[in-house]
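S.K.: Sequence first, predicted coordinates after that:
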Amino acid sequence: MTLASFGQNVLMNNWTIHHNTDTNIFITVTAMDQLRHSNTSVGKWYDGNVNNLKSIAAADVRNRELIRFSYSQPSSEISYVARLQSEHTLGMNGHEFNGLMRGEYDNDSIFIRDLNSVHGSVITHSIEWTKKLGKTDLQLSFNGTQVNSLRTVQANGILMKNESMFRGDYTMESFFFNNELDYLGDSRDLLHSRLNWGDSLRQSTLVQLPLLPSMGFHIVHRPTEFTEFQLRLDGIAPESAITLKYAFDSTSYSMDAIGIPTYELFTEELPLNLNSNYTTLDTNLILKDTVVAFRSTPFRAQFAYKVQFEPLLTFGLSASYEKYRSLEYITFNALIERKYTNDVSLQVGISNYIYGITIQPNIIVGVNAKVSDKLRFMAFSDAMLSYPHYQNTLVPRWSNRFSLNAVLQYQLL
């Protein structure tokens with residue numbers, strides 16, 4: 001599970017800059033990612049425990065170009081782009097992971113202090129201007145971002161279980177931008193929701209102000225007929241201040257634990273049968289407005305180099321650094337592109353994602369195909385070895401991500 005083929009696909013299959021001998025209009029009807037990541041293998045999430053000191057992180061981040069409208073001339077190009085990016089992250093420490101996911105209590109207790117969840121999405125409007133200078137293309141983007149939805153939860157407290165009782169005392173701190181995510185449930189529901197979530201465009205967001213500014217640039221340089229360098233920076237912006245609702249809630253409960261197996265406490269499949277010796281108390285302590293720092297768009301720094309060493313073969317290298325609100329990572333990719341006709345190219349290679357000190361290798365597969373005279377399809381994944389294990393509990397250690405990027409572009413004239 002991971003994110004980021006979005007940036008690598010832009011570098012290896014560039015659909016944002018067009019080279020044409022006449023004036024034309026291009027419409028990208030869809031460009032999307034559905035990408036998941038965890039610094040712990042999928043097998044551990046299904047069935048396994050981790051070191052108590054390890055910090056566990058997982059994310060489902062989706063980038064969608066809702067529309068890209070490009071007016072392209074031989075010497076320049078201008079585009080309007082609207083994107084929707086949604087993010088669901090979950091974090092906890094190893095002690096919490098082993099207790100909540102596996103029912104392993106140290107000295108009959110689980111101390112909750114790092115358990116957190118973030119759901120949120122933003123809409124970004126961009127004007128991209130490209131100057132084509134023969135061997136060099138220079139693209140500047142000016143962006144305005146609107147918060148579509150946001151809800152964060154942080155838990156603190158203790159859970160205790162022994163042969164005679166099961167009890168818990170914990171608090172929930174949450175921030176939310178609007179009420180659009182109320183359908184996900186209360187704070188406890190958010191913390192155990194499955195990592196498979198993507199937001200949708202909300203009409204009320206389109207008329208909300210302000211637009212949070214950012215900018216980026218993309219340079220493509222071809223020093224010779226057979227070589228190409230690319231540098232792309234995106235999300236260049238200071239943190240903005242936005243107003244959120246802040247809530248602080250407290251929960252306490254106690255029950256007779258006799259006859260309640262530990263493994264049933266935190267599974268969604270099996271119901272928990274309560275006995276008569278059960279008490280619970282939920283208290284809403286604080287609800288107020290607060291101003292917080294907010295980064296409107298992820299920061300990406302990407303580099304690529306391609307060289308054509310045979311008429312039908314191209315070798316490519318790419319590297320990137322990406323920082324989202326809740327995670328950051330580095331990638332290194334190497335691939336070979338084989339042209340079979342002027343209309344079809346296939347790509348294969350090796351990808352390496354670096355999270356902290358952990359390196360996670362995988363296989364790249366991509367395709368760039370002209371479906372008809374006016375229609376082109378591009379797809380790219382840098383985690384092909386993970387797909388056979390998507391529903392398998394016996395998962396290799398490196399299988400910690402799934403990624404897929406797809407683009408469909410129509411030439412109007």
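M.R.: Perfect, thanks for sending it. Residues are numbered from 1 along each chain as shown.

S.K.: Tell me if I'm right that Thr152 and Thr89 touch.
M.R.: No - applying CB atoms under 8 Å as the test, Thr152 and Thr89 come out as separate, 9.2 Å apart. Where C-beta positions appear, they are placed from N, C-alpha and C, glycine not excepted.

S.K.: which residues are in contact with both of these two?
M.R.: Any residue near both Thr152 and Thr89 by CB atoms under 8 Å, 6 or more residues apart in numbering counts here, and that gives Ser117, Val118.

S.K.: which SS class is the residue most central in space within the chain?
M.R.: With distances taken as CA atoms, centre = their mean, Val61 lies nearest the centre of the chain, 2.0 Å away. Secondary structure for Val61, judged by DSSP: H, G, I helix; E, B strand; the rest coil, is strand.

S.K.: That one contacts Arg325, doesn't it?
M.R.: No - judged on CB under 8 Å, Val61 makes no contact with Arg325 at a distance of 9.9 Å.

S.K.: what pLDDT, on average, does stretch 157-177 get?
M.R.: For stretch 157-177, the mean per-residue pLDDT is 84.

S.K.: before we move on, what about stretch 313-329?
M.R.: 84.

S.K.: same check, this time on stretch 112-129
M.R.: pLDDT averaged over stretch 112-129 gives 90.

S.K.: one step back: check contacts around the residue nearest to the centre of the chain.
M.R.: Here Val61 is in contact with Leu3, Asp33, Leu35, Arg36, His37, Gln85, Ser86, Glu87, His88, Tyr324 (CB under 8 Å, 6+ apart).

S.K.: Lowest-confidence member of those residues, which is it?
M.R.: Lowest confidence among those: Leu3, with 30.

S.K.: by contact count, what packs against the top strand by length along the chain?
M.R.: The longest strand of the chain (DSSP state E) is strand 136-161. The contact analysis (3 or more CB pairs under 8 Å, 6 or more residues apart in numbering; DSSP states H and E) places strand 136-161 against strand 76-93, strand 109-112, strand 116-132, strand 165-176, helix 187-191, helix 203-206, strand 212-221, strand 240-256.

S.K.: strand partners of the fourth one, parallel vs antiparallel please.
M.R.: Taking DSSP bridges as the criterion, strand 165-176 pairs within the sheet with strand 136-161 (antiparallel), strand 240-256 (antiparallel).

S.K.: Thr224 belongs to a strand, doesn't it?
M.R.: No - read with three-state DSSP, Thr224 is coil and lies in no strand.

S.K.: Now it: phi and psi?
M.R.: Main-chain torsions, Thr224, degrees, to the nearest 10: phi -130, psi 180.

S.K.: Low-confidence ranges, the stretch 251-400 of the chain, go.
M.R.: 257-283, 326, 356-358, 386-400 (pLDDT under 70).

S.K.: mind redoing it with 90?
M.R.: Where the stretch 251-400 of the chain drops to pLDDT under 90, the residues are 251-300, 309, 311, 318, 320-333, 335, 339-347, 350-400.

S.K.: residue boundaries of the strands in it?
M.R.: For the stretch 251-400 of the chain, applying DSSP state E, counting those that start in this stretch gives strands covering 278-294, 299-310, 313-323, 328-339, 344-355, 358-370, 375-381.

S.K.: now these in CSV, with mean neighbour count and distance to Asp186?
M.R.: Compiled in CSV, the strands of the stretch 251-400 of the chain are given as follows (neighbours: other CB atoms under 10 Å; distance: least, CB to CB, whole Å):
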stretch, mean neighbour count, distance to Asp186
strand 278-294, 11, 9
strand 299-310, 16, 32
strand 313-323, 18, 30
strand 328-339, 18, 30
strand 344-355, 18, 31
strand 358-370, 18, 34
strand 375-381, 19, 36
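
S.K.: Show me the one of these that comes nearest Thr251.
M.R.: Closest of those to Thr251 is strand 278-294, at 5.3 Å (criterion: CB to CB).

S.K.: returning to what we had before: could you dump the helices and strands packed on strand 136-161 to TSV with mean neighbour count and distance to Ser141?
M.R.: Formatted as TSV, those follow (neighbours: other CB under 10 Å; distance: least, CB to CB, whole Å):
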stretch	mean neighbour count	distance to Ser141
strand 76-93	20	8
strand 109-112	18	42
strand 116-132	20	5
strand 165-176	18	29
helix 187-191	18	33
helix 203-206	11	20
strand 212-221	18	5
strand 240-256	16	18
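
S.K.: shared neighbours, Val61 and Arg325?
M.R.: Residues touching both Val61 and Arg325 (CB under 8 Å, 6+ apart): Glu87.

S.K.: sorry, back to before: just the buried residues of the longest strand of the chain, please?
M.R.: 137, 139, 141, 143-155, 157, 159-161 (16 or more other CB atoms under 10 Å).

S.K.: hmm, back to that, between the helices and strands packed on strand 136-161, which one is closest to Phe229.
M.R.: strand 212-221 (4.8 Å).

S.K.: Next, find the distance separating Ser121 from Thr331.
M.R.: Going from Ser121 to Thr331 by CB to CB, to the nearest Å gives 23 Å.

S.K.: go on, Phe177?
M.R.: 30 Å.

S.K.: Likewise for Val407?
M.R.: 19 Å.

S.K.: cool, and Ile67?
M.R.: Relative to Thr331, and taking CB to CB, Ile67 is found at 27 Å.

S.K.: Please apply the same query to Asn156.
M.R.: On the measure of CB to CB, Asn156 and Thr331 end up 34 Å apart.

S.K.: re earlier: generate CSV for the contacts of Val61, with distance to Asp189 as supplementary columns.
M.R.: Shown next, in CSV, are the contacts of Val61 (distance: CB to CB, whole Å):
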residue, distance to Asp189
Leu3, 24
Asp33, 26
Leu35, 24
Arg36, 20
His37, 22
Gln85, 23
Ser86, 18
Glu87, 18
His88, 13
Tyr324, 23
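
S.K.: and which of the residues you listed is nearest Arg167?
M.R.: Using CB to CB, those come closest to Arg167 at His88, 29.9 Å.

S.K.: ok, that closest one touching Ser149?
M.R.: No - the pair His88 and Ser149 does not pass the contact test of CB under 8 Å, sitting 11.1 Å apart.
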